[in-house]
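A.B. asks: predicted model follows, preceded by the sequence.
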Amino acid sequence: MSHPIEPTPRHPLLASLSDARELSAMSAETLADVAVEIRDVLCNLLATRTAHFASNLGVVELCLALHAEFDFLTDRLIWDTGHQIYPHKLITGRYSQFESIRTRGGLMGYPNPHESDYDLFMTGHAGSSVSTAVGLRSGDILRDQRERRTVAVIGDGAFPSGIVFEALNNAGELGQDMTIVLNDNKMSICHRTGAVASYLDRLRNNPFYTGLKTEVVRLLDHVPMFGDPAERLLAQMKEGVKAGLLGGMLFEELDIRYIGPIDGHNIPLLRKYLQLCKETSGPVLLHVVTEKGHGYKPAAEDPVFFHTPPAFEDRGGTPVTRRSEGRPPYTTHARDAIGEAMKSDPRVTVITAAMCQGNKLEPVREKFPDRFFDVGICESHAVAFAAGQCKTGMRPIVDIYSTFLQRSYDQIFQEVSLQDLPVVFMMDRAGLTGPDGPTHHGVYDIGYMRLFPNLALMAPGYAAELPLMLQAALAHLHPTGIRYPKASALELKHVPAPIEIGKSEWIRHGEDGTIVAYGAMLEQAIAAAEKLDGELSVGVVNARFVKPIDHDMVRHSLEGGKFVVTLEEGTIVGGFGSAFLESAVDQGLDTRLIRRLALPDEFIEHGDRTDLLSDQHLSADGIVGVCRQSAARVSVG
């Protein structure tokens, strides 16, 4: 009896790889073939959905070399930020699940300890890898597990973050064995900025380096993988000489051995240098030069666009993208409003933290280069910097994602709110960010911002409001925050009421109850009220402000024993619903018929934003159901 012939898998090496430890026995040629398969998987993925792309293409060889030289089920590996985790996932037993990445219930697009023992931390913000690696190494030593090696991989875009230098300072003092791999691709998400970037350029481009590299490579080619200690010592001495001649003394003076820069796409060379790092005592910084988008020409030529491109189909090396023809997102309206404000008032500046592309600020940067400031992935500095500008009479706008603004919490408190300076915070990606998941959902800004005195907080419910809110914020002589989601902006066919600090806008009145929506949830509130027409008469309020909250609106919405449902795309703890309840209690109003709809007190997984909202009854249908329940309670009462 004949048996059907099994088809050859498209990626036979990845399909047969059950554990990353198998890489250590592979030849350089086989590892190069694995790299080809990984890049093919990544290109196929982008045909179905948006995902981090160029950064993952750039670390393929580095990832393979790391896993070939270390056993990261025993040793420790931290990928800083984590958006470049895809090759790591493909070789650590997750190839068969990879098609599910960034979809609901599938693999996360960042490291996730719940998926694999190879992932130690769920990361998504930049800069913490060196600190956690120093902590891991310290803990292993205290627990007498010195044989475990520790490696942190950090990009040059994240490297200038303040916490990195705090960690380097500590690592140099402790003097414990560990390896810091500086992945230098000359990029953040956009082109990197700052003096540290210039310093790395000098290290990489020093004319003397070209000749010296040839000598070092020639030397290492004659040093066996497990060669004699004298030869290893000679190689280490060579690296020390190079560090002094090139300027790597910035790290050497911190008692961190600097090695490099080396070609990050040469697997045999990477393995030799990683072996050298393992045998060098104390903390070592290995400077690896890679190309973002390496292996796919369009991505290498335009790594900014291909950082997280829309889904595309590759046609003979030419990517054909599928672009949405829907309504413009809030981010576009915010960008246009910022541009208009800078055009009309020479005091207005805009500050971003390496997110020029994400915030769609490229036209603003081109038109107002002297008043555009990209400070790199340094949010704390961005806010304190804005406070300094503000003190001189300028009117800075800090345009940062909600989830990243958290990194500057102390500066929002001390340098802005305490000083009562009129800095304007534009909080992009406020709410659920969909496939990016819990590290990126901007669901805490309502709670962490409304605690501070002097700070007014608002959110547009539709497109036409956003520029009006920015105008009001810039005219306000106190700090303000404006939040908006990663979503298409609602376009209402009505003339917006003037923006008054602390005043809401009634969209429609109802005799049975009222839905009070904060921000972009207004779209779902209107849809729910319309679905109930003929069954219940439900009013809709565009709250506009969470602080100061509109106390008159709270009182009016509760008059006559009507039910109230509050809506927000933020956590239920300390959010808009809490502010509404506080106002009602302070006014002595009956709070029994108030129902708060918000995100639960738990971390929300990745998935489509619409599906995630629906899960929490924040879709129009879910709100309809809650309104019916509330109306039934009124009739029973």
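C.D. replies: That came through fine.
A.B. asks: contacts, neighbours, all on C-alpha from now
C.D. replies: OK.
A.B. asks: now Arg365: how far from Asn359?
C.D. replies: 11 Å (C-alpha to C-alpha, to the nearest Å).
A.B. asks: just want to know which of these two has more residues nearby.
C.D. replies: Neighbour count, other C-alpha atoms under 10 Å: between Arg365 and Asn359, Asn359 has more, with 22 against 17.
A.B. asks: quick one: low-confidence parts of the stretch 151-300 of the chain?
C.D. replies: Counting by pLDDT under 70, the stretch 151-300 of the chain shows low-confidence ranges at 187-195, 197, 199-201, 203-248.
A.B. asks: also the stretch 451-600 of the chain?
C.D. replies: Scanning the stretch 451-600 of the chain residue by residue, none of them satisfies pLDDT under 70.
A.B. asks: would you map the helices across it?
C.D. replies: Using DSSP state H, counting those that start in this stretch, the helices of the stretch 451-600 of the chain run over 465-475, 522-532, 551-558, 576-586.
A.B. asks: for these, which one sits closest to Pro498?
C.D. replies: Closest to Pro498 of the helices of the stretch 451-600 of the chain is helix 465-475 (C-alpha to C-alpha; 7.9 Å).
A.B. asks: average pLDDT for stretch 47-64?
C.D. replies: What stretch 47-64 shows for mean pLDDT is 88.
A.B. asks: ugh, wrong one, I meant stretch 122-141
C.D. replies: Mean predicted confidence for stretch 122-141 is 92.
A.B. asks: please work out which residues outside the longest strand seen in the chain touch it.
C.D. replies: Using DSSP state E to define each element, the chain has its longest strand at strand 563-571. Contacts with strand 563-571, where a contact means C-alpha atoms under 8 Å, 6 or more residues apart in numbering, come from 430-432, 442-447, 512-521, 525, 557-558, 575-577, 593-601, 618, 626-627, 630-631, 634.
A.B. asks: that one pairs with which strands?
C.D. replies: If you go by DSSP bridges, strand 563-571 pairs up with strand 513-517 (parallel), strand 594-599 (parallel).
A.B. asks: between strand 594-599 and the host helix or strand of Val634, find me the angle.
C.D. replies: Element membership for Val634 (DSSP states H and E) is helix 620-636. Angle of helix 620-636 versus strand 594-599, following axes from the mean of the first three to the mean of the last three C-alpha atoms, to 10 degrees, is 160 degrees.
A.B. asks: strands of the stretch 201-350 of the chain, residue ranges please.
C.D. replies: With strands called from DSSP state E, counting those that start in this stretch, the stretch 201-350 of the chain shows them at 257-263, 283-289, 312-315, 318-321, 348-352.
A.B. asks: Serialize the ones you listed to TSV and add fields for mean neighbour count.
C.D. replies: Formatted as TSV, the strands of the stretch 201-350 of the chain follow (neighbours: other C-alpha atoms under 10 Å):
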stretch	mean neighbour count
strand 257-263	22
strand 283-289	24
strand 312-315	15
strand 318-321	14
strand 348-352	24
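A.B. asks: tell me which of those lies nearest to Leu62.
C.D. replies: Here strand 283-289 is closest among the strands of the stretch 201-350 of the chain (C-alpha to C-alpha), at 8.5 Å.
A.B. asks: who's in contact with the spatially closest residue to Ala456 that is not a sequence neighbour?
C.D. replies: Excluding the flanking residues, the one nearest Ala456 by C-alpha to C-alpha, 6 or more residues apart in numbering is Thr480, at 4.7 Å. Contact analysis of Thr480 by C-alpha under 8 Å, 6+ apart lists 422-425, 455-458, 473.
A.B. asks: same thing but at 6 Å, please
C.D. replies: Counting by C-alpha atoms under 6 Å, 6 or more residues apart in numbering, Thr480 touches 424, 455-457, 473.
A.B. asks: just these: which are in strands?
C.D. replies: Per DSSP E, the subset of the contacts of Thr480 in strands is 424, 456-457.
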